[in-house]
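In: Model the structure of this input:
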Amino acid sequence: MKLLFVGDVMLGRLVNRALKMMPAEYSWGNTLDVFRSADARFCNLRRFRHPVEQAREKKDLVVVSAHWGPNWGREVPKEHTALAHCLVDSGADVVFGHSAHVFRAVEIYRDRPILYSTGDFMDDYAVDPNERNDESFLFLVELGEEGETRVVLHPTTIREFQANLAEGERARSIAETMQNLCRSWNTASSWHPGEQRLTLSGTGA
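Out: Predicted coordinates:
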C-alpha cells in the first residue's frame with residue numbers, strides 16, 4: 001500500500017485571492033501524477049494513546065496526524081520523539097507530523113515511519129532565506145505486507161502560490177538537507193538522480 005503525505009496547505013488571504021483567477025488545479029502544479037500514484041492521500045488532519053489503541057483493534061491501518069510544536073527550526077523536540085514512539089508502541093502505523101513550516105527528519109521506529117514535520121506544501125508566507133519554508137517533499141510511504149517500510153520523497157518547491165516538483169541541482173540540494181537530518185536517526189537514504197527522488201529506509205530502534 002502506498003500512502004502520500006504532504007506538508008501544511010496554508011490557504012491564506014493571498015492564496016485565496018490568487019486562486020480566484022486560476023483554474024482549480026493550479027496550486028497542485030506538476031505534482032498530480034505523484035498524488036495519483038498513491039492509494040491514499042493525507043493533508044494536515046488533527047487527532048492520542050487510548051484512541052490509537054482503540055483504532056488498532058478495529059482497523060488494519062492507523063495513521064496519527066499531529067499538528068505539534070512551535071514554528072521553524074530543523075531540530076526535533078525531545079518530547080515529540082517520546083510521543084511519537086509512544087504512538088507507535090500503542091499501534092500507530094504512521095505518525096504524520098506538521099506545524100513547523102519546514103521539513104524535519106524522518107525516523108523509522110520499529111519499522112514504522114515517523115514524519116516529524118512535513119513542512120509546507122503550499123503557502124503565501126514570505127520565504128525565509130535560511131529556513132527555506134518554500135522547500136519540502138511529497139512523502140510517499142510504502143507499507144509492505146511483510147512489515148517492511150520504505151519512504152520515497154519527491155522534492156518540491158513553492159512559487160507564486162503553486163507547488164511543483166523540484167528539478168536538477170535544486171532537487172538534489174533539498175534532498176541533501178533531508179539526508180543530513182536523517183543521519184542522526186539511523187535512517188538510511190539513497191538519492192536517485194534520474195528519477196529526482198530520495199528513498200529512506202531503516203530498521204529503527
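
In: Mind jotting down where the strands sit in the chain?
Out: 2-6, 8-9, 40-43, 63-67, 94-98, 106-109, 112-115, 120-122, 135-143, 149-159, 162-165, 188-192, 197-201 (DSSP state E).

In: Mind putting those strands into TSV with mean neighbour count?
Out: All C-beta atoms are positioned from the backbone trio N, CA, C, and that covers glycine. TSV is the format used below for the strands of the chain (neighbours: other CB atoms under 10 Å):
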stretch	mean neighbour count
strand 2-6	22
strand 8-9	18
strand 40-43	16
strand 63-67	19
strand 94-98	26
strand 106-109	24
strand 112-115	27
strand 120-122	25
strand 135-143	24
strand 149-159	22
strand 162-165	19
strand 188-192	14
strand 197-201	21
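
In: okay if I get those as TSV plus distance to residue 182 and mean pLDDT?
Out: Shown next, in TSV, are the strands of the chain (distance: least, CB to CB, whole Å; pLDDT from 0 to 100):
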stretch	distance to residue 182	mean pLDDT
strand 2-6	16	83
strand 8-9	21	70
strand 40-43	20	73
strand 63-67	19	87
strand 94-98	14	94
strand 106-109	6	95
strand 112-115	11	95
strand 120-122	19	90
strand 135-143	12	94
strand 149-159	10	95
strand 162-165	20	94
strand 188-192	6	96
strand 197-201	6	96
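
In: Make JSON lines from these and add distance to residue 26 to it.
Out: Shown next, in JSON lines, are the strands of the chain (distance: least, CB to CB, whole Å):
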{"stretch": "strand 2-6", "distance to residue 26": "16"}
{"stretch": "strand 8-9", "distance to residue 26": "13"}
{"stretch": "strand 40-43", "distance to residue 26": "16"}
{"stretch": "strand 63-67", "distance to residue 26": "25"}
{"stretch": "strand 94-98", "distance to residue 26": "22"}
{"stretch": "strand 106-109", "distance to residue 26": "29"}
{"stretch": "strand 112-115", "distance to residue 26": "26"}
{"stretch": "strand 120-122", "distance to residue 26": "10"}
{"stretch": "strand 135-143", "distance to residue 26": "17"}
{"stretch": "strand 149-159", "distance to residue 26": "12"}
{"stretch": "strand 162-165", "distance to residue 26": "6"}
{"stretch": "strand 188-192", "distance to residue 26": "28"}
{"stretch": "strand 197-201", "distance to residue 26": "24"}
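
In: and of these, who's closest to residue 20?
Out: strand 162-165 (14.5 Å; CB to CB).

In: follow-up on the earlier one: ok, which of the strands of the chain comes nearest residue 85?
Out: Using CB to CB, the strands of the chain put strand 106-109 closest to residue 85, at 5.9 Å.

In: what packs against that closest one?
Out: helix 78-89, strand 112-115, strand 149-159, helix 168-183, strand 197-201 (3 or more CB pairs under 8 Å, 6 or more residues apart in numbering; DSSP states H and E).
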